[in-house]
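Undergrad: quick one: sequence plus predicted model below, questions after.
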Amino acid sequence: MNVTLAGIGCGTADTMTAETWHALQQADYLVGAERMLAQLPEGLTPRRNAASRPREILKLLLAADCREACVLYSGDTGFYSGARGLLPLLKEQGIPVRVLPGVSSIQYLAAKLGRPWQEWVLCSAHGVACDAVAPVCQGRPACFLTGGTLDPAALCRQLTEAGLGGLPVTVGANLSYPRELIETGSAADFAQREFPPLSLLFAEAAPAPRRRTPGIPDGEFVRAGVPMTKQEVRAAVLAKLAVGPEDICWDIGAGTGSVSVELALQAKAVWAVESRPEALALVRANRERFRAWKLRLTDGRAPEALAGLPAPDAVFVGGSGGELPQILQAVHRANPQARVCVSAIALETVHTALEQLAAQGYDTEISQISVSRGKPAGDLHLLLAQNPVFLITGVRP
């Protein structure tokens, strides 16, 4: 038995390659999802079974008495295709196999839009969890396969909640079929729409922040009367947390959002936890100001507001409201390996942080940062001391 894994394109015979069509004509047994088998042209072998899971397909192939079997996959066999799971199973059985590419929905939509797709960020939200914000923040357009619980509207709601409601997006649905839909609008508009299943969402690149090292000058933030972690301390916090581009971060007691913004410019995603309405407004304003779209807001008090947030890799506690032990316990439950940095100005807070982190098995370190800034006084400059700040860090051994 010879097996061909064939990408049949977007769905209609018009998008099928001649090589795939020839393979279907030569096959005496066909396997594929029911919807793909139903839409095949007439004249092909009637011997066929519906299946989509790799081991289920393998079982059918082994039981089939055939010489030429063809397994059908929508789109292209190399782009989020089930062919990836079936190939090693066939090779384990010593079954000869060849793979034929197909026209993917991404290629089809790109051609319809007259846009090259070679620089797009390509993602799948088809039956899997997907964060729509991070891909559009890579400086390139992003295109998402959708299906299951995450349709284009759900992804557009993610973008809108991140402050990207005005981002231009395009939805492509029923591509290559008579009821084909290709429509462009904004993420905010499409967040309230309903779209057919198995649609594509194309999103333009989000406005990019100015890249710089940590430690944005204090005067660049919108502040009002809410306390803010100062520039030198923020730079030290990011150094202590060693934040990388794939990290999920929490900023608990976000205040103006200055640390949240700095984290969002470095990390994959940041959840800023804050309960004061005036502070939440400042966080939103600073997110917009610095284009820190990967910053998400959580309105509430910790530790209760931490329930349901994605497990963090790094956590900054800038304000605890007297709940520091409970907050650190919640962090430990969410991810015992998370790196933690607590900011404190009171000695009692230092003691509590050290005691709690040590009890959780962390290696702890304490640093005290004293910053004095020069101020002109006639022909002289005087140094004005800022409040000393303690940074207590906990890292898993």
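TA: Yep, that arrived.
Undergrad: list the buried residues for stretch 317-334?
TA: Neighbour-count burial for stretch 317-334, with 16 or more other C-beta atoms under 10 Å as criterion, is recorded at 317-320, 323-324, 326-328, 330-332, 334. Heads up, the C-betas are built off the backbone N, CA and C, glycines and all.
Undergrad: in helices, which of those fall?
TA: Secondary-structure check on the buried residues of stretch 317-334 using DSSP state H: residues within helices are Leu324, Gln326, Ile327, Leu328, Ala330, Val331, His332, Ala334.
Undergrad: show me what contacts the second one?
TA: So the one you mean is Gln326. Shown here is Gln326, whose contacts under the criterion C-beta atoms under 8 Å, 6 or more residues apart in numbering are Ala302, Pro303.
Undergrad: one more pass at 10 Å, please.
TA: By C-beta atoms under 10 Å, 6 or more residues apart in numbering, the residues touching Gln326 are Ala302, Pro303, Glu304, Leu306, Ser320, Gln356.
Undergrad: between the residues you listed, which sits nearest Arg193?
TA: Leu306 (32.4 Å; C-beta to C-beta).
Undergrad: the closest one touches Asn335, doesn't it?
TA: No: in this structure, Leu306 is not within contact of Asn335 by C-beta atoms under 10 Å, at 11.2 Å.
Undergrad: per-residue pLDDT, Pro196?
TA: Looking at Pro196, its pLDDT reads 88.
Undergrad: I'd like the numbering to begin with 148 instead of 1 from here.
TA: Will do, 148 is the new start, and the previous item becomes Pro343.
Undergrad: tell me the SS of it?
TA: coil (DSSP: H, G, I helix; E, B strand; the rest coil).
Undergrad: what about it, distance to Gly319?
TA: Remark: distance between Pro343 and Gly319 (C-beta to C-beta, to the nearest Å) = 10 Å.
Undergrad: common neighbours of the two, please.
TA: By C-beta under 10 Å, 6+ apart, Pro343 and Gly319 have these common neighbours: Pro299, Leu328.
Undergrad: which of those two has more neighbours?
TA: Gly319 (24 against 14; other C-beta atoms under 10 Å).
Undergrad: tell me the bridge partners for that one.
TA: Judged by DSSP bridges, the bridge partners of Gly319 are Ile329, Leu347.
Undergrad: quick check: it touching Ser252?
TA: Yes: the pair formed by Gly319 and Ser252 meets the contact definition of C-beta under 10 Å, at 7.1 Å.
Undergrad: need the overlap of contacts for the two.
TA: Shared contacts of Gly319 and Ser252, defined by C-beta under 10 Å, 6+ apart, comprise Cys157, Cys290, Ser346, Leu347.
Undergrad: from those, which two are the most distant?
TA: The most widely separated members of those are Cys157 and Cys290, with 14.2 Å between them, by C-beta to C-beta.
Undergrad: what is in contact with Leu453 and Asn482 at once?
TA: Counting by C-beta under 10 Å, 6+ apart, the shared contacts of Leu453 and Asn482 are Trp397, Pro459, Val462.
Undergrad: tabulate those residues (CSV), appending secondary structure and pLDDT.
TA: What follows is the shared contacts of Leu453 and Asn482, written out as CSV (DSSP: H, G, I helix; E, B strand; the rest coil; pLDDT from 0 to 100):
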residue, secondary structure, pLDDT
Trp397, strand, 98
Pro459, coil, 97
Val462, strand, 97
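Undergrad: from the ones in helices among the buried residues of stretch 464-481, pick the one nearest Gln285.
TA: Sorting those by distance to Gln285 puts Ala481 at the head of the list, at 26.5 Å, by C-beta to C-beta.
Undergrad: tell me the contacts of that closest one?
TA: Residues touching Ala481, when contacts are defined by C-beta under 10 Å, 6+ apart, comprise Ile395, Trp397, Pro450, Leu453, Ala454, Gly455, Leu456, Pro457, Ala458, Pro459, Val462.
Undergrad: ok, Ile399 next?
TA: Ile399 makes contact with 406, 418-421, 445, 448-450, 452-453, 459, 462-468, 470-471, 474-475, 477-478, 489, according to C-beta under 10 Å, 6+ apart.
Undergrad: tell me how far it lies from Val487.
TA: Look at Ile399 and Val487: by C-beta to C-beta, they are 10 Å apart.
Undergrad: which neighbours do the two have in common?
TA: When C-beta under 10 Å, 6+ apart defines a contact, the residues bordering Ile399 and Val487 alike are Pro459, Val462, Phe463, Val464, Ile474, Leu475, Val478.
Undergrad: in what helix or strand does the residue nearest the centre of the chain lie?
TA: Centre of the chain computed as the mean C-alpha position; nearest residue by C-alpha atoms, centre = their mean is Asp278, 3.1 Å away. Using DSSP states H and E, Asp278 is not contained in any helix or strand.
Undergrad: surely it and Val268 touch.
TA: No: in this structure, Asp278 is not within contact of Val268 by C-beta under 10 Å, at 11.9 Å.
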